[in-house]
Structures are given as C-alpha cells and as structure tokens.
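S.K.: quick one: sequence and predicted model below, then my questions.
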Amino acid sequence: QVILVESGGGLVQAGGSLRLSCADSGRIIRTYPVGWFRQAPGKGREFVAVHGGNAAAIFYADSVKGRFTISRDSTKNTVYLQMNGLKPEDTAVYYCVADPDGDYTRAEDYKFWGQGTQVTVSS
C-alpha cells in the first residue's frame, strides 16, 4: 500500500531549482512530522530536512541549509521541498518520510516512506 507519493524530480543544470512534492491520501502529513532524505549512488540515506509542524520545528542538514526550504500544506496533505542553487552533489533519489520515533536525522527512526524521486544535477 503506497502511503506517501513523491513527484517533481528531474534533470537540472547546476545552479537551477526544483520543487519536490509529497502527497498522501490519508492523515499522515496532517498528523506527523514529515521530512526528506536522499540517497546518492553507493551511499547511505542522508537526512535533508524535517518539518515538525511549526516554524520552530524545522531543521536542515548543513549541506542544504540556505538553499533548500521545506514547507507543508496540511489542507492538501502535501509537503514540499524547494531546492535552489542545486549542485552536482545534490544528485540522489529523494524520499519523503513521516513519523519519526526518536532521532529525526536517523532514517531508521521513520515509520513511513515514499518510493522516491530522482534528482539529477548536471555540471
């Protein structure tokens, strides 16, 4: 059963922008903290950003701080990741996640995962 569905990935040149979206058909995004992880080829899953439900509960990985922005629209059951100033090292499969149990930077602590969307940044 697919719970979280990502969209918006693609190929972009370095310096460009993309906006990822993640939607669900139930109560996940309205109810739990939601975030994004990414996995580059040959590497483990890396924390990108999390949105805990209010402005004081938004955190980013140092590698994306100042370039990426996470937001959520609970009325649409959707979370977004606006990515500006993209770099080749941002190339990865990006996953939408929800409901962390413990450390929000640990992939193992998230209960819900999307299937991922590919982002490729060319130099």
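M.R.: Done, it's in.
S.K.: mind listing what the helix or strand hosting residue 46 pairs with, with the direction of each?
M.R.: Residue 46 is located in strand 45-51, with elements delineated by DSSP states H and E. When sheet partners are counted by DSSP bridges, strand 45-51 sits next to strand 34-39 (antiparallel), strand 58-60 (antiparallel).
S.K.: could these go into CSV alongside mean neighbour count, distance to residue 116 and mean pLDDT?
M.R.: Glycine gets a C-beta too; all of them are placed from N, C-alpha and C. Below are the strands paired with strand 45-51 laid out as CSV (neighbours: other C-beta atoms under 10 Å; distance: least, C-beta to C-beta, whole Å; pLDDT from 0 to 100):
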stretch, mean neighbour count, distance to residue 116, mean pLDDT
strand 34-39, 24, 8, 97
strand 58-60, 17, 19, 96
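S.K.: who's in contact with residue 17?
M.R.: 82, 83, 84, 85, 86 (C-beta atoms under 8 Å, 6 or more residues apart in numbering).
S.K.: from those, list just the buried residues.
M.R.: Among these, those classed as buried by 16 or more other C-beta atoms under 10 Å are 83, 86.
S.K.: how about residue 30, phi and psi?
M.R.: As for residue 30, its main-chain torsions (degrees, to the nearest 10) stand at phi -80, psi -20.
S.K.: I'm done for today, thanks for sticking with me.
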